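**Student:** predicted model, plus sequence, below.
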4 protein chains.
Amino acid sequence: MQVVVDLCLVPLGVGVSVSRYVAECHRVLLETGLKHQLHAYGTNIEGDWDAVMAAIKRCHERVHEMGAPRITTTIKLGTRTDRDQTMADKVQSVEEKLK
Amino acid sequence: MQVVVDLCLVPLGVGVSVSRYVAECHRVLLETGLKHQLHAYGTNIEGDWDAVMAAIKRCHERVHEMGAPRITTTIKLGTRTDRDQTMADKVQSVEEKLK
Amino acid sequence: MQVVVDLCLVPLGVGVSVSRYVAECHRVLLETGLKHQLHAYGTNIEGDWDAVMAAIKRCHERVHEMGAPRITTTIKLGTRTDRDQTMADKVQSVEEKLK
Amino acid sequence: MQVVVDLCLVPLGVGVSVSRYVAECHRVLLETGLKHQLHAYGTNIEGDWDAVMAAIKRCHERVHEMGAPRITTTIKLGTRTDRDQTMADKVQSVEEKLK
């Protein structure tokens, strides 16, 4: 089952700046080889359900290892059985309607 | 790793009423034995990360099997290493400050 | 326009415990008279769009006034034109399917 | 109060394809002059709290006018009092840590 995810991980108890932790999550995603794209309020990821979920778990583990005692994460997550749809397809589909 | 989750699964392409699908997710959760609690905009679940994530995947599979061609899900997900915290603890912690 | 909302406000830069800030948001909601219900990963609110949004803004202002330099909030928000639906209706609608 | 928002509006009861409605929200945002950026699972918006919230309300109204009887929206919303931070700043802050 393919999934497109929007991941927004927020470490608590580490002060006001969290970019160091978000960057570490990107290193985790790079290690997995999953296609992903940073945006201003999260990171989009696409791939097989199990691979994406394993990557998100690894992000939590890594951020805790960096010293964050608490994490709250918001995930949006889409699956469909009628057809394949990538992150690029989703953006393109909207942009075509804007022409 | 223990996790507290807020799950809100929304099937698309099945009309305006989605309660039948949400109810099926509750049957999935009952089958797993995970502690969970329905509220007006989702369902809270607590348990081991892998067990909770397997349950959420099973919800997607089941709702697709029921005929929904597309699902968009919003998840909030909390982990902490400083101490254990259940769903009941979280509510109680706020209510104590309100006294 | 009536709205049902799930609000989860997270202050950053104030340490690992956030229940004091969540409790303050509940005081804000009590002042507004809006119907609301705390759960383990947020607070559900129902009412007129403008009144609910004004309350959420007031929560942000109040939590900043308490000293939190940064806030990240996740909101789920539902509107419908086909019929009225309260928070209680939404829960009941699922529970009926579970019988 | 400045805010950075991630908006993901999902119309229900209009079939499986929702890009037509997302495109209409982009027209609403273009009319407002607010800075915004489409991504694969939502749209980021930055600006004054009241202006951004008025735009989101207008999106709901417009999508209902297009015939969608029900909408569920997920919003992430960040404010800070310690310093100004734009959408571009947030991305840059993470990218610098990745160098």
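**Tutor:** Noted; the coordinates are in hand. What you see is a predicted model; the values in this text were computed from it and never measured. Residues are numbered from 1 along each chain as shown, chains lettered A, B, ... in the order given.

**Student:** counting by contacts, list what the top helix by length along chain A packs against.
**Tutor:** With secondary structure taken from DSSP state H, chain A has its longest helix at helix A:49-65. Applying 3 or more Cβ pairs under 8 Å, 6 or more residues apart in numbering or on different chains; DSSP states H and E, we find helix A:49-65 packed against strand A:2-12, helix A:19-32, strand A:42-48, strand A:70-80, helix B:49-65. Glycine gets a C-beta too; all of them are placed from N, C-alpha and C.

**Student:** in a markdown table: these, plus mean pLDDT.
**Tutor:** Shown next, in a markdown table, are the helices and strands packed on helix A:49-65 (pLDDT from 0 to 100):
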| stretch | mean pLDDT |
| --- | --- |
| strand A:2-12 | 98 |
| helix A:19-32 | 96 |
| strand A:42-48 | 98 |
| strand A:70-80 | 98 |
| helix B:49-65 | 98 |
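
**Student:** distance to residue A:92 added to these, as CSV?
**Tutor:** Putting the helices and strands packed on helix A:49-65 into CSV (distance: least, Cβ to Cβ, whole Å) gives the following:
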stretch, distance to residue A:92
strand A:2-12, 13
helix A:19-32, 22
strand A:42-48, 14
strand A:70-80, 15
helix B:49-65, 24
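
**Student:** residue A:15 should be in a strand, yeah?
**Tutor:** No: under the criterion used here (DSSP: H, G, I helix; E, B strand; the rest coil), residue A:15 is coil, not part of a strand.

**Student:** need phi/psi at it.
**Tutor:** phi 90, psi -170 (degrees, to the nearest 10).

**Student:** quick check: the gap between it and residue A:59.
**Tutor:** 19 Å (Cβ to Cβ, to the nearest Å).

**Student:** who's more crowded, these two?
**Tutor:** Ranked by neighbour count (other Cβ atoms under 10 Å in any protein chain shown), residue A:15 and residue A:59 place residue A:59 first, with 23 against 14.

**Student:** wait, that one touches residue A:26, no?
**Tutor:** No: using Cβ atoms under 8 Å, residue A:59 is not in contact with residue A:26; the gap is 9.2 Å.

**Student:** which residues are in contact with each of the two?
**Tutor:** Common contacts of residue A:59 and residue A:26 (Cβ atoms under 8 Å, 6 or more residues apart in numbering or on different chains): none found.

**Student:** in the longest helix of chain A, which residues are buried?
**Tutor:** A:49, A:52-57, A:59-64 (16 or more other Cβ atoms under 10 Å in any protein chain shown).

**Student:** distance to residue C:3 added to those residues, as TSV?
**Tutor:** Shown next, in TSV, are those (distance: Cβ to Cβ, whole Å):
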residue	distance to residue C:3
A:49	32
A:52	31
A:53	31
A:54	36
A:55	34
A:56	30
A:57	34
A:59	32
A:60	32
A:61	37
A:62	37
A:63	33
A:64	36
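
**Student:** quick check, nearest of the residues you listed to chain C?
**Tutor:** Nearest to chain C, judged by Cβ to the nearest Cβ, of those is residue A:64 at 12.2 Å.

**Student:** since we're on the residue lying closest to that closest one once chain neighbours are set aside, how many residues are nearby?
**Tutor:** What sits nearest to residue A:64 in space, not counting adjacent residues and going by Cβ to Cβ, 6 or more residues apart in numbering or on different chains, is residue B:81, at 4.9 Å. Per other Cβ under 10 Å, the neighbour tally for residue B:81 reads 18.

**Student:** might you report the residue contacts of the residue nearest to residue A:59 when sequence neighbours are not counted?
**Tutor:** Leaving out its chain neighbours, the residue that sits closest to residue A:59 by Cβ to Cβ, 6+ apart is residue A:25, at 4.3 Å. Residues counted as contacts of residue A:25 (Cβ under 8 Å, 6+ apart) are A:7, A:9, A:43, A:59, A:62, A:63.
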